[in-house]
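*Asks:* Here is the input, now give the coordinates:
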Amino acid sequence: MLGYCSVPAGFESPGWLMDSWVDSGRTRHENDTGMSHWLWRIITRWLISCAVWVWLPVVFAQPPEMRGRRVGEREYVAVSEVRRVYGLRSDQLVVRAQRREIELDGVQHWLSLPVVETGGQLWMARVDVLKTVDPVARAGQFRRLAPARVVMLDAGHGGTDRGARSASGRTEKELTLDVAQRVERYLKGSGLHVVLTRRRDVTVSLSRRTAMARERRADLFVSIHFNSAMGSAHGIETFCLPPRGLPPTAVAEARRVDHEPQSGNRFDAENVWLAHLIQKQLLQATGAVDRGVRRARFQVLRDAPCPAVLVECGFLSYRPEAARIATVEYREQLARAIAEGIRRYAQSRGAAS
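*Replies:* Residues are numbered from 1 along each chain as shown. Reported below is the predicted structural model:
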């Protein structure tokens, strides 16, 4: 997590403010026989605490103001301004002209629109700053959320849907279930209640998977998959839902369907933050190629009733990577990393009572 926009030290325990007000209150009321000093002090501290903790979430929920300019039909912000406002060094936010992929806090992220170069500067679309950079660089905003207690793990495919298949004959459906169950074991003792969409080789519809998350009142949804493609593509990627009206990573321009409202867009910021944390942990644990935090309108992401991501843990179509995935040791690494990303996301939200 980047250090920017954590709760200021003065607000973590606003004793200086309380003591100041209490002292003045004591002076005003030292002769008031109707209320003892100790009672006045308790009531004053309680009132100030309530005011501070009601006010703080509002402040941290607001994105910072940034100067921008219009380029074509959209508002853009200079990359230098983004770095200044969020306190990011050049190695914490790496961008290139005419590219949609950036590096943010050591993880590749795919923007909705390319970075443009004009007036001798690089510019990012304001919507990308707010929907991609802000959730990662200003993670303190998630402290206002209710604690995360229920985790829904979705083992992709199953039953009649075997998914991808490796050259050695291992199927995606068996590997996703194996990893999901390992993630569950790693989350034991974390204080999180874990629910799986399936525990054996059965067919579960996509609509049923998100319905289960709704029924169990899940606080986050993580769908586990393995990839397949022609050629030598390899590496790990984590998907979250694109913002409404913006294209997924796979296409350059928004289509009519991209403008339709989706349930999952209520959690745009949380989706990106969860995806970032899981992707970062996976890269650190495995050393795999970083294919980035990407955007897609998969059904389980569109219809999710909570923050949701879909993790592609590697390519079964790429022999060297498939050989690693076939080993128990590597699947343990994958599971441990996903569990750690989930734990860090849960810790970033409001403290459990």
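
*Asks:* Which secondary structure element is home to G189?
*Replies:* Of the helices and strands defined by DSSP states H and E, none includes G189.

*Asks:* can you pull the contacts of it?
*Replies:* Listed by CB atoms under 8 Å, 6 or more residues apart in numbering, G189 has no contact partners. Where you see a C-beta, it was placed from the backbone N, CA and C, and this is true even at glycine.

*Asks:* give me phi/psi at it?
*Replies:* In this entry, G189 is assigned phi and psi values of phi 80, psi 0 (degrees, to the nearest 10).

*Asks:* Could you tell me the model confidence score at it?
*Replies:* With respect to pLDDT, G189 has a value of 93.

*Asks:* now it: how far from M230?
*Replies:* If you measure G189 against M230 using CB to CB, to the nearest Å, the figure is 42 Å.

*Asks:* Also E312?
*Replies:* In this structure, E312 and M230 are separated by 15 Å, where distance is defined by CB to CB.

*Asks:* Between these two, tell me which one has more neighbours.
*Replies:* Relative neighbour count places E312 above the other of E312 and M230, with 21 against 6, counting by other CB atoms under 10 Å.

*Asks:* Am I right that that one is in a strand?
*Replies:* Yes - under DSSP: H, G, I helix; E, B strand; the rest coil, E312 sits within a strand.

*Asks:* how about the nearest residue to it, chain neighbours excluded?
*Replies:* Of all residues not flanking E312 in the chain, N227 sits nearest, at 4.4 Å (CB to CB, 6 or more residues apart in numbering).

*Asks:* Any chance of the backbone angles for that neighbour?
*Replies:* In this entry, N227 is assigned phi and psi values of phi -100, psi 170 (degrees, to the nearest 10).

*Asks:* Report pLDDT for it.
*Replies:* 98.

*Asks:* Please shift the residue numbers so they start at 2 in all later answers.
*Replies:* All right, first residue 2 from here; so that's N228.

*Asks:* Would you confirm that it contacts V312?
*Replies:* No - because the distance of 10.1 Å does not satisfy CB atoms under 8 Å, N228 is recorded as not touching V312.

*Asks:* how about I237, what does it touch?
*Replies:* 280, 283-284, 287, 289-292, 312-315.

*Asks:* how many neighbours does the nearest residue to A327 once chain neighbours are set aside have?
*Replies:* Once flanking residues are discounted, A327 sits nearest to R171: 5.8 Å by CB to CB, 6+ apart. Neighbour count of R171, defined by other CB under 10 Å: 17.

*Asks:* Roughly how far does the nearest residue to R84 once chain neighbours are set aside sit from G293?
*Replies:* Using CB to CB, 6+ apart and skipping the chain neighbours, the partner closest in space to R84 is L94 (5.7 Å). With the distance defined as CB to CB, L94 ends up 14 Å from G293.

*Asks:* Could you do R100 as well?
*Replies:* Shown here: R100 relative to G293, a distance of 12 Å by CB to CB.
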